[in-house]
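Student: My questions concern the predicted model and sequence given below.
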Amino acid sequence: MHFPLRIFKIKERSMEPELHEGDYVLVRQAFIKLSPGDIVVLRHPKKEMSIVKRVASAGSRGYFVRGDNSEHSEDSRHFGRIGSEAIIGKVVCKI
């Protein structure tokens, strides 16, 4: 059974000061249109892990995602744009 909402624990500092390591977020997994500024959970393209980033830009070649805390973020500056298949869902709120 697939549930449209899921809880994720933040495991990195890349989204500080908005989201801190140890925070929990509610994520909507159903397909939704993403816009710059949206915070998403995605599958890291090179590692077996999920990460949380902000959509910096969206285009026909995918999404450019960045962490708010640039010094502690591995993001599209390191691994390039990501496709929609890598997106797990959009962060709805911090819980």
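Tutor: Perfect, thanks for sending it.
Student: Who are the packing partners of the strand ranked longest in the chain?
Tutor: Of all the segments assigned as strand in the chain under DSSP state E, the longest by residue count is strand 50-59. Applying 3 or more CB pairs under 8 Å, 6 or more residues apart in numbering; DSSP states H and E, we find strand 50-59 packed against strand 39-43, strand 62-66. For glycine as for every other residue, the C-beta is placed from the backbone atoms N, C-alpha and C.
Student: any idea how far the residue nearest to A58 when sequence neighbours are not counted is from K47?
Tutor: If the residues on either side of it in the chain are set aside, A58 comes closest to L34, at 5.8 Å by CB to CB, 6 or more residues apart in numbering. Per CB to CB, to the nearest Å, L34 is found 22 Å from K47.
Student: Tell me which of these two has more neighbours.
Tutor: Counting neighbours by other CB atoms under 10 Å for L34 and for K47 shows that L34 has the greater number, 17 against 10.
Student: in its sheet, what does the longest strand of the chain sit against?
Tutor: Strand pairing for strand 50-59, using DSSP bridges, gives strand 39-43 (antiparallel), strand 62-66 (antiparallel).
Student: Out of the ones you listed, which gets nearest to R13?
Tutor: strand 62-66 (13.7 Å; CB to CB).
Student: Any buried residues in the very next helix or strand once past that closest one, and which?
Tutor: Scanning forward in sequence from strand 62-66 by DSSP states H and E, the next helix or strand is helix 76-79. For helix 76-79, the neighbour count (16 or more other CB atoms under 10 Å) marks S76 as buried.
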